[in-house]
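Student: Task: produce atomic coordinates for the following.
(chains A, B, C and D)
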There are 2 protein chains.
Amino acid sequence: MAVTPTPTRASDRDAEAPSAERLSLERMLACALEIVDRDGVEKLSMRRLARALGHDPMSLYRHAPNKAALLDGVADTLLRRLSIDPGDPDWAGQLRAFARGYRQLALDHPNAVPLLVTRPLATPLALRPAGTLRPLEDVLALLTGAGFTGAAALHAYRSLTGLLHGHVLNELQELVDNPDETDDLLRLGLYRLPLREFPLLRGLAAELASYDGAAELERGLDILLSGLTPGGP
Amino acid sequence: MAVTPTPTRASDRDAEAPSAERLSLERMLACALEIVDRDGVEKLSMRRLARALGHDPMSLYRHAPNKAALLDGVADTLLRRLSIDPGDPDWAGQLRAFARGYRQLALDHPNAVPLLVTRPLATPLALRPAGTLRPLEDVLALLTGAGFTGAAALHAYRSLTGLLHGHVLNELQELVDNPDETDDLLRLGLYRLPLREFPLLRGLAAELASYDGAAELERGLDILLSGLTPGGP
DNA sequence: CCAACGGGTCTACGTCGTATGCCTACAGTC
DNA sequence: GACTGTAGGCATACGACGTAGACCCGTTGG
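Tutor: Okay, here's the model as predicted:
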């Protein structure tokens, strides 16, 4: 009582901890994204996030109802960075730009991609955070403005997100291997494969190693966009 | 000491617990898949799995090195059910059948889909379990046998998995909503959306509700397969 | 008979998400 | 100024988690 020990006291402005400023959802999400980028989704915990922010774990619950909402929020902050101009008459160009932006987002935050592709499976459409729904609404506006029927616009949006999710998952798998190793066989770990069972796969080391994601996406977009017409599906 | 209490003793053959038979990786994976199907991936824990099998949690580690391997194993048991006949001259038909099989797998085990699409991001290609690599090797055999170059066959496989991942993620999002509610607006929870911000989305309840996944996939396959040629990418 | 070993179990450690409850600082009202 | 609400932060606590380390028993091969 005399010396008022309280050794874990972190108030009195900002001391001891990295940054014990006032908490807010934005600060939380930004810090959570950093953790995900650095260490992966499974390493993001409420306690680690609180520690990184210089706060008590329970403080986070004043700003987010639970961890699932936080994960949704991280995905949301990423998607929010993509924008579509619904008024642009060049609708194909807008879709293409959106797709390129999405790919770049995935490359810049590969550890967050599992969130981008799987969080929607956990939340009914209408309960998703606004940033996730914004692109959908904007694409609908863009395409109906260009003469698409509602159904055709919706179909186009689905085709686009399908293409993007599939492409991004494909491209990121190429990055899993150890890029320090120069020899393709070693870098991909292909020497571990039983030659008897996977002869063709082992022989394709060079082709596996040289994957041009940007070109791949453009080809997919060419096919998709040329198949989209205002008329029908 | 006198009465030999040991109330949690589960040996002496199989007593007390549901099924304390001899443990094996196959039994573990089958049971793990049941848990995932019933309760979702995040509810699958080593302790729950052990309990369901009537064993001590640590027993599992005699058959799997860690939980990540178990997750990979669950994905593997699913993919292992798909087969491709590399000798079939109708390569397009084989790819189509594979795609339909994959879709059906996803519909039968929606809770396992996150594993199917994200586990590959956590494991370098050559370290993936054999069941995951089998389709790749078989598609390579199928297509090179049909005159494709190795690079073209690899490209085709990537396009196919991209299409499948994207499609399955799309289709499963439609199932997240409550199917008991008959009115589309209510069923999708769209009434929660601010009308001012999402006018088009709200108006598309009917189109959102009527989604024909099978037809959608076939259309994607038509486009993909017509674009694939033995010559090049 | 013994040694090795594969498979099962027990205990224990550190971490996780979060329910509950209290404390403090400020806002608004009189 | 005193009073009261409220929002944000903190301490404590509970049950579940993944898994390291040691022990134990039954089988097998010498």
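Student: Put the alpha carbons of stretch A:22-33 into PDB.
Tutor: C-alpha atoms of stretch A:22-33 as PDB (Å, rounded to 0.1, in the frame of the first residue of the first chain):
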ATOM      1  CA  ARG A  22      -6.500   5.500 -27.400                       C
ATOM      2  CA  LEU A  23      -8.100   2.400 -28.900                       C
ATOM      3  CA  SER A  24     -10.300   2.400 -31.900                       C
ATOM      4  CA  LEU A  25     -11.500  -0.200 -34.300                       C
ATOM      5  CA  GLU A  26      -9.400   1.200 -37.100                       C
ATOM      6  CA  ARG A  27      -6.300   1.000 -35.000                       C
ATOM      7  CA  MET A  28      -7.200  -2.600 -34.100                       C
ATOM      8  CA  LEU A  29      -7.800  -3.600 -37.700                       C
ATOM      9  CA  ALA A  30      -4.600  -2.000 -39.000                       C
ATOM     10  CA  CYS A  31      -2.500  -3.700 -36.300                       C
ATOM     11  CA  ALA A  32      -4.300  -7.000 -36.900                       C
ATOM     12  CA  LEU A  33      -3.500  -6.800 -40.600                       C
END
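Student: in it, what counts as buried?
Tutor: A:23, A:28-29, A:31-33 (16 or more other CB atoms under 10 Å in any protein chain shown). C-beta here means a position set from N, CA and C on the backbone, and glycine is covered the same way.
Student: what do you get for stretch A:87-94?
Tutor: Residues A:91-92, A:94 are the ones in stretch A:87-94 that count as buried (16+ other CB under 10 Å).
Student: where in chain A is pLDDT low?
Tutor: Across chain A, the ranges flagged by pLDDT under 70 are A:1-20, A:177-181, A:231-233.
Student: can you rerun that using 50?
Tutor: Across chain A, residues meeting the criterion (pLDDT under 50) sit at A:1-17.
Student: Can you dump the C-alpha atoms of stretch A:59-71 in PDB for me?
Tutor: Provided in PDB are the C-alpha atoms of stretch A:59-71 (Å, rounded to 0.1, in the frame of the first residue of the first chain):
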ATOM      1  CA  SER A  59     -10.300  -3.800 -24.100                       C
ATOM      2  CA  LEU A  60     -10.700  -5.100 -27.600                       C
ATOM      3  CA  TYR A  61     -14.200  -6.300 -26.800                       C
ATOM      4  CA  ARG A  62     -15.300  -2.700 -26.400                       C
ATOM      5  CA  HIS A  63     -14.800  -2.200 -30.100                       C
ATOM      6  CA  ALA A  64     -15.500  -5.700 -31.600                       C
ATOM      7  CA  PRO A  65     -18.000  -8.200 -30.400                       C
ATOM      8  CA  ASN A  66     -15.700 -11.200 -30.900                       C
ATOM      9  CA  LYS A  67     -12.800 -12.600 -32.900                       C
ATOM     10  CA  ALA A  68     -14.900 -13.600 -35.900                       C
ATOM     11  CA  ALA A  69     -15.900 -10.000 -36.300                       C
ATOM     12  CA  LEU A  70     -12.300  -9.000 -36.200                       C
ATOM     13  CA  LEU A  71     -11.400 -11.400 -38.900                       C
END
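Student: Now do it: everything it contacts.
Tutor: Stretch A:59-71 is contacted by residues A:23-25, A:28-29, A:32, A:41, A:44-46, A:49-50, A:73, A:115, A:119, A:122 when judged by CB atoms under 8 Å, 6 or more residues apart in numbering or on different chains.
Student: Downstream of the lengthiest helix in chain A, the next helix or strand is which one?
Tutor: The residue-count maximum for a helix in chain A (DSSP state H) belongs to helix A:150-173. For helix A:150-173, the following helix or strand on the C-terminal side (DSSP states H and E) is helix A:184-187.
Student: how about that next one: buried residues?
Tutor: A:184-185, A:187.
Student: now do stretch A:174-191
Tutor: A:174, A:176-177, A:184-185, A:187-190.
Student: Now do it: distance to the chain's middle.
Tutor: Distance, stretch centre to chain centre, for stretch A:174-191: 24 Å (CA atoms, centre = their mean, to the nearest Å).
Student: end-to-end on it?
Tutor: In stretch A:174-191, first residue to last residue: 17 Å (CA to CA, to the nearest Å).
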